[in-house]
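In: I'd like to go over a predicted model; first the sequence, then the structure.
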Amino acid sequence: MAILFKHFRLKFLELIPLILLFFISLNGISVIDLNFFTVSLHFILVYYWVLREPKIITYGFIFLAGLINDVVYGIPLGCTPLALLAVSSIAAYARIVTVRRSLINDVVSFIPALLIGNFVYFLALYFSDFSIDYLYLFLNSIFTLIFYPILWIMFSILIRVISVN
């Protein structure tokens, strides 16, 4: 019985990133929008978990969470999934190329992922004749990059807890 409970607890800990991905998609909090700063949690979550543990958050779940996010925010369908899949593809490439994993390496490789992800998002919105706030998108990129190390530390602790069990 104790082995069954330990196995259940381990599987639940592995599902926390996936539950978090769909939770922020369904509640519309994928972008934390305060007065002067906005942070895109989707980009950080997808990048980190595709980089570290790609078996937990797969591309199908990323696409579905992006579609849900588009419906919640009322933007044209496919804009967010395309941006998230661009970020996840860069994370997959960085996972293959990276020899030593560290915060500095992850932040440096997160910069092009963030820029390309926001560019894909911008293009998808532009070609669907949706109004775009350029300053908002720029500030979102800056503050998402600043906020990445904080979530990197929290997710690293979660990975340690999962691997210990």
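Out: Happy to help now that I have it. Residues are numbered from 1 along each chain as shown.

In: Can I get stretch 148-157 in CSV, CA atoms only?
Out: Only the C-alpha atoms of stretch 148-157 are listed here, as CSV (Å, rounded to 0.1, in the frame of the first residue of the first chain):
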residue,chain,number,x,y,z
TYR,A,148,12.6,33.7,-16.1
PRO,A,149,15.3,33.1,-13.5
ILE,A,150,12.7,33.2,-10.6
LEU,A,151,10.6,30.5,-12.2
TRP,A,152,13.8,28.6,-13.3
ILE,A,153,14.7,28.3,-9.6
MET,A,154,11.2,27.2,-8.6
PHE,A,155,11.0,24.6,-11.4
SER,A,156,14.5,23.3,-10.6
ILE,A,157,13.4,22.6,-7.0
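
In: After the worst-scoring helix or strand of the chain on mean pLDDT, which helix or strand is next?
Out: Within the chain, judged by mean pLDDT, DSSP states H and E, the helix or strand with the poorest mean is strand 31-33; its value is a mean of 69. Note on strand 31-33: by DSSP states H and E, the next helix or strand toward the C-terminus is strand 38-40.

In: which secondary structure elements does the following helix or strand past that next one contact?
Out: As assigned by DSSP H and E, the chain's next helix or strand after strand 38-40 is helix 41-52. In terms of contacts (3 or more Cβ pairs under 8 Å, 6 or more residues apart in numbering; DSSP states H and E), helix 41-52 is packed against helix 2-27, strand 31-33, helix 59-73, helix 79-97, helix 103-127, helix 134-164. The way it works is simple: take the backbone N, C-alpha and C, and place the C-beta from them, glycine included.

In: Any idea which of those gets closest to Leu51?
Out: Among the helices and strands packed on helix 41-52, helix 79-97 comes nearest to Leu51, with 4.4 Å by Cβ to Cβ.

In: Next one: the closest residue to Phe143 other than its chain neighbours relative to Val31, how far apart?
Out: Closest residue to Phe143 apart from its sequence neighbours, by Cβ to Cβ, 6 or more residues apart in numbering: Phe37 at 4.2 Å. Using Cβ to Cβ, to the nearest Å, Phe37 is found at 11 Å from Val31.
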